[in-house]
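Undergrad: Have a look at this prediction, sequence included:
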Amino acid sequence: MKPLGIDEDFDSAVLNIAIDTIRIGKQALIFVNTKKSAEKTAEEISKKLKSENEVLDSLSESALSSLSKPTKQCERLAYCLKKGIAFHHAGLVQKQKDIIEDNFRNGIIKIICCTPTLAYGVDLPAFRAIIKDLKRYTVHGLSWIPVLDYMQMSGRAGRPNYDNEGQSITIAISNSEKEKIEERYVNGAPEEIYSKLAVEPVLRTYVLSLIAANFITAKKDLFDFFDKTFYAHQFKDLRRLHSIISKVIDMLEEWEFIMVSGDGDFASANELKEQKFKATLIGKRVAELYIDPLTANFMITCLRNASDKKLDAFSFLQMASHTLEIRPMLKVGLREHDKIQESMLEFSDFILENEPSMYEPEYEEFLNSVKTAIMFNSWINEQDEQFLLEEYNIRPGELRAKIDIADWLLYSAEEISKIMHYQYLVKEIVKLRLRLKYGVKEELLPLVRLENIGRVRARILFRNRIRDIKDAKNADLSTLTQLLGEKIALGVKKQLGQEEPEVPENKRKGQISLRDWDG
DNA sequence: GGACGGTGAAACTTCAGGTTGCCTC
DNA sequence: GAAGTTTCACCGTCC
């Protein structure tokens, strides 16, 4: 492809390098430290370019139609793609990420402005790796990124089999900063790697799974096991490790995930020194589900409380939103504090956990979980992605990731409810998981079970009085064609066993057979 | 006089990512 | 700590 039109030199170094990269017919990755900045940088470069290119136009078009209704983010990406530029971060939907990655690999896209996503996991080399921001926001304010991160990013420069060289470029605003960067990153050594084992959430999970798998039955074995880990090797502070493990064991016992001999539960208890462990039924399941035992205990408390509460989808959404696994929760901003608190009062009757009081330090986290749950609630009440982006500042890609985790947590809650014999809860949770997956109100559930019918088409059908499988069977093909288009309509009829004598075979993943469906 | 619009400075906000984990027709 | 966003004061214009 020919280089695109170029104006003159600009006062932004990144812009100049980007334009130069295109001029010499090469590609570059530009690493920045926020999603917003990735989008803005891409947009600024795009503004300087002219382009009439059908291939790019079609890429732009498919980025725009990746969701049922394009968001501002989609429009921005589409604009950049028309010029052969893209931005890439976790807020994009997988389909858009694929478009960008594939077309950067084949050389159609020239520049990607990205957050550190592309430095890890994805294999996407470029002639130039431009690292715009070497500082990143942390709890201590803005600080230098780790040398390891720098190496990851600069390591993207140079494509094996294509380039003989690669260029990794960082930008300094002064001579003194230049020297600092050189010393710290170019000539510096990467950081040591430290074990994160002795952190309670990690230990909780592993101690329980070791016991649940019958891999370890005595405290002594447990200590021996962890004494051989990298953590023990690195810190040699076995007493600290043992004390955390003992604390974890006490917690697991208190939560009834394990039984400890010597507590009167075991007839054949040895001396205290030779404590023996055994996982309970629910402890085994928790280990299998691989959720943090703390989360499991929290959910059990909530599910127990459910019998005294009014139940709503929100009840379970808030429960799932207040776990370590779902983090980061949506943050309640200063300005929306009052608004969220108001909605919380509205939902208060449905909240299963024991609410902290306003004066407790946990209250802020609790409000965040409420906001997160309200966001999920909007989704299952059919608000679109643009609304969620504006209202809750959550981007489509982040939404998908959160839905995924919430589904796993709700599945776990479902399994726990089964063990606790709360059948009435199981039913509600199953329904909620489906609503969450499709982002629909309950009334659309019969329809979204059809292949190629999602939230949008189901709503169209419903509005036109086709409200379940029976209605769909009774509707004639021309009506369906009018509403859904010919191909989809035919497909629907086929699934219903009409028009085509044979039963559909290529059912969608996770979909039940319509013959089993009677609701 | 007052409504309105444009402008720029000041005040205020917000800030990466993602692995695994479970189950199923 | 810096970039982006919102707020607000100020000024000019027009009716």
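TA: Done, it's in.

Undergrad: I'd like to know how many residues surround the one residue in the stretch 351-500 of chain A that gets nearest to DNA strand B.
TA: Per Cβ to the nearest atom of the strand, A:Y411 is where the stretch 351-500 of chain A lies closest to DNA strand B, at 4.1 Å. In short, each C-beta sits where N, CA and C put it, glycine included. A count of nearby residues for A:Y411, using other Cβ atoms under 10 Å, gives 15.

Undergrad: which ones are touching it?
TA: The contact partners of A:Y411, by Cβ atoms under 8 Å, 6 or more residues apart in numbering, come to A:289, A:433.

Undergrad: Which of the helices or strands spans it?
TA: Element membership of A:Y411 [criterion: DSSP states H and E] is helix A:396-419.

Undergrad: Report the separation between the residue of the stretch 351-500 of chain A closest to DNA strand B and A:D404.
TA: Per Cβ to Cβ, to the nearest Å, A:Y411 is found 11 Å from A:D404.

Undergrad: if we can go back for a sec, now the helix holding A:Y411, how far from the chain's geometric center?
TA: In terms of Cα atoms, centre = their mean, to the nearest Å, the centre of helix A:396-419 is found 11 Å from the chain centre.

Undergrad: With only the CA atoms kept, save it in CSV.
TA: Taking Å, rounded to 0.1, in the frame of the first residue of the first chain, the C-alpha atoms of helix A:396-419 are listed here in CSV:
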residue,chain,number,x,y,z
PRO,A,396,-18.0,-2.7,26.0
GLY,A,397,-15.0,-5.0,26.4
GLU,A,398,-14.8,-4.4,30.2
LEU,A,399,-18.5,-5.1,30.3
ARG,A,400,-18.1,-8.5,28.6
ALA,A,401,-15.2,-9.4,31.0
LYS,A,402,-17.3,-8.5,34.0
ILE,A,403,-20.3,-10.5,32.8
ASP,A,404,-18.0,-13.5,32.4
ILE,A,405,-16.8,-13.3,35.9
ALA,A,406,-20.3,-12.7,37.3
ASP,A,407,-21.5,-15.7,35.4
TRP,A,408,-18.9,-17.9,37.0
LEU,A,409,-19.7,-16.5,40.5
LEU,A,410,-23.4,-17.0,39.9
TYR,A,411,-22.8,-20.6,38.8
SER,A,412,-20.9,-21.1,42.0
ALA,A,413,-23.7,-19.7,44.0
GLU,A,414,-26.1,-22.0,42.1
GLU,A,415,-23.9,-25.0,43.0
ILE,A,416,-23.7,-23.9,46.7
SER,A,417,-27.5,-23.5,46.8
LYS,A,418,-27.9,-27.0,45.6
ILE,A,419,-25.7,-28.4,48.4
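
Undergrad: Next, the buried residues of that helix.
TA: Under the neighbour-count criterion of 16 or more other Cβ atoms under 10 Å, helix A:396-419 has A:396-399, A:401-403, A:406-410, A:412-417 buried.

Undergrad: following whichever helix or strand A:S58 is part of, which helix or strand comes up?
TA: Element membership of A:S58 [criterion: DSSP H and E] is helix A:54-64. Sequence-wise, the next helix or strand downstream of helix A:54-64 (DSSP H and E) is helix A:72-82.

Undergrad: For that following helix, enumerate the helices and strands it packs against.
TA: Helix A:72-82 sits against helix A:35-47, helix A:54-64, strand A:85-88, helix A:94-105, helix A:385-392, with contacts defined as 3 or more Cβ pairs under 8 Å, 6 or more residues apart in numbering; DSSP states H and E.

Undergrad: Other residues contacting it?
TA: By Cβ under 8 Å, 6+ apart, helix A:72-82 touches A:39, A:42-43, A:45-46, A:51, A:53, A:56-57, A:59-61, A:63-64, A:66-67, A:70, A:86-87, A:91-92, A:96, A:99-100, A:109, A:386, A:389-390, A:395-396.

Undergrad: Stretch A:317-337 now?
TA: A:201, A:291-292, A:294-295, A:298-299, A:302, A:340, A:347, A:350-353, A:364-373, A:375-377, A:380, A:392-394, A:402, A:405-406, A:408-410, A:413, A:432.

Undergrad: ok, 7 Å please
TA: A:201, A:291-292, A:294-295, A:298-299, A:302, A:340, A:351-353, A:366-373, A:375-377, A:392, A:394, A:402, A:405-406, A:409-410, A:413 (Cβ atoms under 7 Å, 6 or more residues apart in numbering).

Undergrad: Restricted to buried residues, select the residues you listed in ChimeraX.
TA: The buried subset of the contacts of stretch A:317-337, as determined by 16+ other Cβ under 10 Å, is captured in ChimeraX by this line:
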select /A:291,292,294,295,298,299,302,340,351,352,353,366,367,368,369,370,371,372,373,375,376,377,392,394,402,406,409,410,413
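
Undergrad: any low-confidence regions in chain A?
TA: By pLDDT under 70, the low-scoring segments of chain A are A:1-9, A:262-274, A:499-519.

Undergrad: can you give me the strands for it?
TA: Secondary structure of chain A by DSSP state E: the strands cover A:28-31, A:85-88, A:111-114, A:128-131, A:135-138, A:141-144, A:167-170, A:258-260, A:277-279.

Undergrad: Which one, of those, ends up nearest to A:S209?
TA: A:S209 lies closest, by Cβ to Cβ, to one member of these: strand A:277-279, at 9.0 Å.

Undergrad: list the helices and strands that closest one packs on?
TA: With contacts taken as 3 or more Cβ pairs under 7 Å, 6 or more residues apart in numbering; DSSP states H and E, strand A:277-279 sits against helix A:200-212, strand A:258-260.

Undergrad: ok, back up a step: and the angle from the helix holding A:Y411 to helix A:72-82?
TA: 130 degrees (axes from the mean of the first three to the mean of the last three Cα atoms, to 10 degrees).

Undergrad: angle of helix A:396-419 against helix A:94-105?
TA: 130 degrees.

Undergrad: ok, back up a step: elements contacting the helix holding A:S58?
TA: helix A:72-82, helix A:94-105.

Undergrad: now these in a markdown table, with mean neighbour count and distance to A:N187?
TA: Output for the helices and strands packed on helix A:54-64, formatted as a markdown table (neighbours: other Cβ atoms under 10 Å; distance: least, Cβ to Cβ, whole Å):
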| stretch | mean neighbour count | distance to A:N187 |
| --- | --- | --- |
| helix A:72-82 | 21 | 35 |
| helix A:94-105 | 18 | 30 |
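
Undergrad: ok, so what distance separates the residue of the stretch 201-350 of chain A found nearest DNA strand C from DNA strand B?
TA: In the stretch 201-350 of chain A, the residue found nearest to DNA strand C is A:R335; the distance is 7.1 Å by Cβ to the nearest atom of the strand. In this structure, A:R335 and DNA strand B are 6 Å apart, going by Cβ to the nearest atom of the strand, to the nearest Å.

Undergrad: Can you list phi and psi of that residue for me?
TA: Main-chain dihedrals, A:R335, degrees, to the nearest 10: phi -70, psi -30.

Undergrad: for the helices and strands packed on helix A:54-64, which one sits closest to A:Q152?
TA: Nearest to A:Q152 among these is helix A:94-105 (16.8 Å), distances taken as Cβ to Cβ.

Undergrad: List the contacts of stretch A:131-147.
TA: Contacting residues not belonging to stretch A:131-147 are listed as A:14, A:30-33, A:150, A:153-154, A:169-171, A:181, A:184-185, A:188-191 [Cβ under 7 Å, 6+ apart].

Undergrad: Could you give me the PyMOL selection string for whichever of these are buried?
TA: This is the PyMOL syntax for the buried subset of the contacts of stretch A:131-147, where burial follows 16+ other Cβ under 10 Å:
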select buried, chain A and resi 14+30+31+32+33+150+153+154+169+170+171+181+185
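
Undergrad: Which of the contacts of stretch A:131-147 fall in helices?
TA: A:14, A:150, A:153-154, A:181 (DSSP state H).

Undergrad: Greatest separation within those residues: which pair is it?
TA: Largest separation among the ones in helices among the contacts of stretch A:131-147 by Cβ to Cβ: A:V14 and A:Y150, giving 16.8 Å.

Undergrad: Quick check: the gap between the residue of the stretch 1-150 of chain A found nearest DNA strand C and A:K135.
TA: Proximity to DNA strand C, evaluated over the stretch 1-150 of chain A using Cβ to the nearest atom of the strand, is greatest for A:L142 at 3.2 Å. Note on A:L142: its distance to A:K135, by Cβ to Cβ, is 5 Å.
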